[in-house]
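Asks: generate a structure from the sequence data that follows.
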Amino acid sequence: MLAYVIPLCLAMLGLALLLTLARLIKGPCLPDRVLALDTLYINAIATLVLYGIWKGSDLFFEVALLIAVLGFVSTVAVAKYMLRGDIIE
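Replies: Now for the predicted structure:
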């Protein structure tokens, strides 16, 4: 059963990545683009975790964790820049 479900889910996540990338490029204002970037890295994490389950490799989970940490830090930095105009005070 997983042999059919996982590739279908990977295809749907790939479509979600493409649609989010379109919103990132087209976004009318900066907060929309930041939200699209957050959604993009969350979809990338989901894709990596699902692919790691499919292949049975632990390496993909570690990469997904690294992307999650870097995504959180970058979101905080961008939010601070949007509010104050400077990242480091």
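Asks: which helices and strands sit right next to the helix or strand of the chain with the lowest mean pLDDT?
Replies: When the helices and strands of the chain are scored by mean pLDDT, DSSP states H and E, helix 59-84 comes last with a mean of 91. In terms of contacts (3 or more Cβ pairs under 8 Å, 6 or more residues apart in numbering; DSSP states H and E), helix 59-84 is packed against helix 30-55. From N, CA and C alone the C-beta is placed, and that goes for glycine too.
Asks: avg pLDDT for the helix it packs on?
Replies: Mean per-residue pLDDT for helix 30-55: 93.
Asks: check which helix or strand residue 57 maps to.
Replies: Here residue 57, judged by DSSP states H and E, is contained in no helix and no strand.
Asks: tilt between the least confident helix or strand of the chain and helix 30-55?
Replies: 170 degrees (axes from the mean of the first three to the mean of the last three Cα atoms, to 10 degrees).
Asks: list the buried residues for helix 59-84?
Replies: Neighbour counts using 16 or more other Cβ atoms under 10 Å place 60, 63, 64, 71, 78 of helix 59-84 among the buried residues.
Asks: from those residues, which two are the most distant?
Replies: 60 and 78 (26.0 Å; Cβ to Cβ).
Asks: what is the three-state secondary structure of residue 87?
Replies: Secondary structure assignment for residue 87 (DSSP: H, G, I helix; E, B strand; the rest coil): coil.
Asks: for residue 86, give me phi and psi.
Replies: Here is the backbone geometry of residue 86 (degrees, to the nearest 10): phi -150, psi 140.
Asks: how about the nearest residue to it, chain neighbours excluded?
Replies: Among residues not flanking residue 86 along the chain, residue 80 sits closest, at 7.8 Å (Cβ to Cβ, 6 or more residues apart in numbering).
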